[in-house]
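*Asks:* what would the 3D arrangement of this be:
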Amino acid sequence: MNDSYNFIANLGENGSVPEGSILSRTLQSDANSKVILFRFAPGQELSAHAAPFPATLQFVSGEAQLKLGEDWHQAQPGTFVYMTPKLEHAIKAQTETVMLLTMIKGAVVPSN
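*Replies:* Sure thing, here's the model as predicted:
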């Protein structure tokens, strides 16, 4: 491991999901950002929730239903999402799914 960077050659091969559950693994975390790799078994879900930071989702493999606010979308490999702070979202895996979450903790969030 190098202090200047974190290199992962293939996110799709990073860990295996236990049957009937969700595996989450923090790949990077500092004062400005946090990157978490999620692996969902088919049918597993993260219920509706919100984060205080802007965040992105990138789907590496699999298919999932994705709720963003009031809207539902189909996510598949290559799907990318940017979410503003406090946006309610939920994820339900239809197949084994690998997803990368990046929270942008160092962002200046305007107060409303």
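*Asks:* okay, the closest residue to residue 54 other than its chain neighbours: pLDDT?
*Replies:* Taking C-beta to C-beta, 6 or more residues apart in numbering as the measure, residue 54 lies nearest to residue 104, with 4.6 Å between them; neighbours along the chain are not counted. C-beta here means a position set from N, CA and C on the backbone, and glycine is covered the same way. Reported pLDDT at residue 104 in the predicted model: 95.
*Asks:* my guess is residue 104 contacts residue 33, does it?
*Replies:* Yes. Here residue 104 lies in contact with residue 33, judged by C-beta atoms under 8 Å, at a distance of 5.7 Å.
*Asks:* shared neighbours of the two, anything?
*Replies:* Jointly contacting residue 104 and residue 33 under the rule C-beta atoms under 8 Å, 6 or more residues apart in numbering is no residue at all.
*Asks:* which of the residues in whichever strand or helix holds residue 73 are buried?
*Replies:* Element membership for residue 73 (DSSP states H and E) is strand 71-75. Along strand 71-75, these residues count as buried under the neighbour rule (16 or more other C-beta atoms under 10 Å): residue 75.
*Asks:* name the strands paired with it and say parallel or antiparallel.
*Replies:* Partner strands for strand 71-75, per DSSP bridges, with pairing direction: strand 64-68 (antiparallel).
*Asks:* so for the partner strand, what's the average pLDDT?
*Replies:* For strand 64-68, the per-residue pLDDT values average out at 98.
*Asks:* number the chain from 48, please
*Replies:* With the count now opening at 48, the last piece we talked about shows up as strand 111-115.
*Asks:* tell me the buried residues in that strand?
*Replies:* In terms of neighbour count (16+ other C-beta under 10 Å), strand 111-115 has its buried residues at 111, 113-114.
*Asks:* now distance to residue 138 too, for these, in TSV please.
*Replies:* What follows is the buried residues of strand 111-115, written out as TSV (distance: C-beta to C-beta, whole Å):
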residue	distance to residue 138
111	5
113	6
114	8
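*Asks:* quick one: which of the residues you listed is nearest residue 103?
*Replies:* Relative to residue 103, the closest of the buried residues of strand 111-115 is residue 113; by C-beta to C-beta it sits at 12.6 Å.
*Asks:* partner residues bridging that closest one?
*Replies:* According to DSSP bridges, residue 120, residue 138 are recorded as the beta-bridge partners of residue 113.
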